[in-house]
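S.K.: sequence and predicted model, in that order:
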Amino acid sequence: MSVISRFSFFRRICSSTAKYPFLGIIRGVVQVAMALVILTPPAQADRGMRALKRGDYQTALNIWIPVAEQGSARAQYNIWVLYEKGLGVRREKTQATEWLERAARSGSVIARDRISAREAEVVLKTAKERARLGNAEAMMVIANIYADGVSVTRNLDEAHLWYSRAMRAGHPVAANALLRIEDPMTRGEISKARKAIKKDVGILEQVAYQTHSTPN
């Protein structure tokens, strides 16, 4: 029976108590039952938070698990925190990921954001590995991540540097991206960014010289 159906049933009982006094007792029982149906998950979640603040992580986990199994995104996310940080349980990435994904599926916006950030971190790591091999597309990916602040703190200086690297590596739209990112920057910021490019070019040229001048 859905929550709405339960409320309809309760209203019918309330309207009948004048005609059938004994239904007043039943009404009291139904009121308690309805309170438990509606209030138990949040109340249990709050009990779990109080246990967490006391450092009683095992109690918090024991409280949250049955609530989480009922589909509470809040409880599922809280359990993720315990497994992610190893609070009261052995730190397990697999378990943590499972609970985070369940919370996201149950509607937790924070859980979804964390999953998106993790995916972006993997993309950034992979792109940096490819960029070391001179891949211009990977350099553009890195620049875009820093420009948009995806999974990292937005950093126009880093974005500017990576766009310049992508441009030198031959990416066809890197030059336009470089000009576009300079648009909101102050003259001082642009000057600083361009000095960083010159320094970066100098370092790369020095590395290339040492690589080619090293005897076999």
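M.R.: In hand now; what should we look at?
S.K.: quick one: the helices in this protein, in order.
M.R.: Chain-ordered helices for the chain, with DSSP state H as the definition, fall at 3-16, 23-54, 57-69, 73-85, 93-105, 109-131, 136-148, 156-168, 174-182, 187-213.
S.K.: contacting residues around the fourth one?
M.R.: So that's helix 73-85. The list of residues contacting helix 73-85 from outside it, by CB atoms under 8 Å, 6 or more residues apart in numbering, reads 41-42, 44-45, 48-49, 52, 57, 60-61, 64-65, 67-68, 87-89, 91-93, 95-96, 99-100, 102-103, 106-108, 110-111. C-beta: built from backbone N, CA, C; applies to glycine.
S.K.: same check on the shortest one?
M.R.: Contacts to helix 174-182, defined as CB under 8 Å, 6+ apart, come from residues 136, 139-140, 143-144, 147, 156, 159-160, 163-164, 166-167, 190, 193.
S.K.: who wins for most neighbours among those residues?
M.R.: Tyr163 (30 neighbours; other CB atoms under 10 Å).
S.K.: which residues touch the residue nearest to the spatial centre of the chain?
M.R.: Closest to where the C-alpha atoms of the chain average out (CA atoms, centre = their mean) is Arg114, at 1.0 Å. Under the criterion of CB under 8 Å, 6+ apart, the neighbours of Arg114 are Leu100.
S.K.: now do the buried residues in stretch 190-201.
M.R.: Residues of stretch 190-201 classed as buried under the neighbour-count rule (16 or more other CB atoms under 10 Å) are Ala193, Ile197.
S.K.: quick check: mean pLDDT of that stretch?
M.R.: pLDDT averaged over stretch 190-201 equals 78, rounded to a whole number.
S.K.: using PDB, write out every CA atom in it.
M.R.: Coordinates of each C-alpha in stretch 190-201 appear next as PDB, following Å, rounded to 0.1, in the frame of the first residue of the first chain:
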ATOM      1  CA  ILE A 190      48.000  37.600 -19.500                       C
ATOM      2  CA  SER A 191      51.600  38.900 -19.000                       C
ATOM      3  CA  LYS A 192      52.200  36.400 -16.300                       C
ATOM      4  CA  ALA A 193      50.700  33.500 -18.400                       C
ATOM      5  CA  ARG A 194      52.800  34.400 -21.400                       C
ATOM      6  CA  LYS A 195      55.900  34.500 -19.300                       C
ATOM      7  CA  ALA A 196      55.000  31.000 -18.100                       C
ATOM      8  CA  ILE A 197      54.800  29.900 -21.800                       C
ATOM      9  CA  LYS A 198      58.300  31.300 -22.500                       C
ATOM     10  CA  LYS A 199      59.700  29.500 -19.500                       C
ATOM     11  CA  ASP A 200      57.900  26.300 -20.500                       C
ATOM     12  CA  VAL A 201      59.300  26.600 -24.100                       C
END
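S.K.: what lies in contact with that stretch?
M.R.: Applying CB under 8 Å, 6+ apart, the set of residues contacting stretch 190-201 is Leu156, Asp157, His160, Leu161, Ser164, Arg165, Arg168, Glu182, Met185.
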